[in-house]
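# Fold the following, please.
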Amino acid sequence: MPQVAQALTSSAIVDAIEAMAMAGCPPNMTDQAWFALLRDLRAFTRNWLDDALAYGWTMQDLYGCPRSGRRSGLTGVALLLDGRAVENITTDRITLVDGTGYVSSFYRRAPGCSKPFDRSTAVMIWDRIIDQIDEVEA
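Predicted structure coming up:
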């Protein structure tokens, strides 16, 4: 699946996010968290996706999430924005800044290591959300 996910185009990502939005808020999220997630996903995709891909970031790095539970090591940066703005993207780091000016970083690999974090088992957020909605409706 990583090869398929990596091959997605910007317009396909936009379509996937909109399909997820149309599926509705999953039962384990508040409306406020849901709309904040959609805002962050749309803004990241519109403003930074092409740059991130040009620097070699994978779809799992950007939009991945664990199949179940909460494993933060599998969570992509777009899901962690929580209203923060992307300030810069490089080959190894995405720098975020919040409204107070506090800067934080999302790393592709641990500082000082040559091997990237393994997010290959992450699923795309839109697949997980739609699956959760389908399970509730079944």
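
# Provide the contact partners of the longest helix seen in the chain at residue level.
Determined from DSSP state H, the single longest helix within the chain is helix 31-54. By Cβ atoms under 8 Å, 6 or more residues apart in numbering, the surrounding residues in contact with helix 31-54 are 10, 13-14, 17, 20-21, 25-26, 29, 61-63, 77-79, 81-83, 86, 89, 94, 125. For the C-beta atoms, the positions are set from N, CA and C on the backbone; glycine is no exception.

# could you point out which element follows that helix?
Note on helix 31-54: by DSSP states H and E, the next helix or strand toward the C-terminus is helix 59-63.

# CA atoms of that following helix as PDB?
This file holds the C-alpha atoms of helix 59-63, laid out as PDB (Å, rounded to 0.1, in the frame of the first residue of the first chain):
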ATOM      1  CA  MET A  59       2.300  10.200   2.400                       C
ATOM      2  CA  GLN A  60       2.600   8.300   5.700                       C
ATOM      3  CA  ASP A  61       4.900  11.100   7.100                       C
ATOM      4  CA  LEU A  62       2.300  13.700   6.100                       C
ATOM      5  CA  TYR A  63      -1.200  12.000   6.500                       C
END
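
# Now go through the contacts of helix 31-54 and say which are in helices.
Judged by DSSP H, helices contain the following of the contacts of helix 31-54: 10, 13-14, 17, 20-21, 61-63, 125.

# What about R109? Give its phi and psi, please.
phi -140, psi 150 (degrees, to the nearest 10).

# do T75 as well
Per degrees, to the nearest 10, the backbone of T75 is at phi -90, psi 130.

# Which residues are in contact with it?
Contacts of T75 by Cβ under 8 Å, 6+ apart are 64-66, 122.

# could I get those residues as TSV with pLDDT and secondary structure?
Below are the contacts of T75 laid out as TSV (pLDDT from 0 to 100; DSSP: H, G, I helix; E, B strand; the rest coil):
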residue	pLDDT	secondary structure
G64	91	strand
C65	88	strand
P66	85	coil
A122	86	coil
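
# Just among those, which is most surrounded?
Compared across the contacts of T75, A122 has the highest neighbour count, 27 neighbours, by other Cβ atoms under 10 Å.
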